[in-house]
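A.B. asks: using only what follows, build the 3D model:
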Amino acid sequence: MRQEETTNQPRFIVIEGLDGSGKSTLAVELARRLGAEPLTTPMTTLPSAARRDAEGMCGGDPLARMLFYASTVAAASTYVRGALAAGRSVVMDRYWLSTLTYHRVLGAVTELADVEATLTPAHLTVFLDVSTELRRARLHARGALQAHDRMTLQPGIGEEIASLYRSYGRRLQVAGRFEVIEADYVSVDDLVAEVVRMQALRESAREARSPR
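C.D. replies: You can find the predicted model right below:
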């Protein structure tokens, strides 16, 4: 699939995955192929220094940190809602599921259901499942590892986060249709083709349910 895909209906697709899963690369390329706007949470309008300062103010408290990241998702949701209303598709690198999974592992016990209910739901959320060994190789190739990178490489932690992604993705409406791709050593082109196929299947199913 070399030509850009186009659609008359704006779509909101979310790419989720642990650090080193290739989600950012996929999100950017998928957006290019679809003619969509690539976004990430927190959005790039938040300077890196401000993000570090906010995390510092949380003082290691998992709930405080979760509330900060929840606020960045809420801001991104508002932006997405406006983009869809204007007829623009969006591909998001991380959204609500990341906020829930990572902070659950860090010790936060709330799911912030009231916040979730206000968020723009995705049409499709794709979770890239990649082995710890491959993620470790990719993260080390990037250079210095961040604290959250090291956390997901600890024995059992990455698997716990991946399990939470699946659990939340399958039961929360904000994820829309939730799909998992086993993405070890799968090319970006093949991943893009698979996500486009998933979205096409979703559109076909929705049309079949629509009253004639």
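
A.B. asks: distance of Ala200 relative to Thr120?
C.D. replies: 21 Å (C-beta to C-beta, to the nearest Å). For every residue, glycine as well, the C-beta is placed using N, CA and C.

A.B. asks: likewise for Thr101?
C.D. replies: On the measure of C-beta to C-beta, Thr101 and Thr120 end up 19 Å apart.

A.B. asks: which helix runs longest in the protein?
C.D. replies: Using DSSP state H to assign secondary structure, the helix with the most residues in the chain is helix 62-85.

A.B. asks: within its sheet, name the partner strands of whatever helix or strand comes next after it and how each one runs.
C.D. replies: Beyond helix 62-85 in the direction of the C-terminus, DSSP states H and E gives the next helix or strand as strand 90-93. Based on DSSP bridges, the strands next to strand 90-93 in the sheet, each with its direction, are strand 12-17 (parallel), strand 37-40 (parallel).

A.B. asks: low-scoring stretches of the chain, by residue?
C.D. replies: For the chain, applying pLDDT under 70 flags the ranges 1-8, 202-212.

A.B. asks: remind me which helix or strand Leu145 belongs to.
C.D. replies: Element membership for Leu145, per DSSP H and E: none, as it lies in no helix or strand.

A.B. asks: since we're on the residue nearest to it when sequence neighbours are not counted, how many residues are nearby?
C.D. replies: Distances taken as C-beta to C-beta, 6 or more residues apart in numbering put Leu139 closest to Leu145, at 5.7 Å, once the chain neighbours are dropped. The number of residues packed around Leu139, counting by other C-beta atoms under 10 Å, is 19.

A.B. asks: isn't there a helix covering Leu139?
C.D. replies: Yes. The assignment for Leu139 (DSSP: H, G, I helix; E, B strand; the rest coil) places it in a helix.
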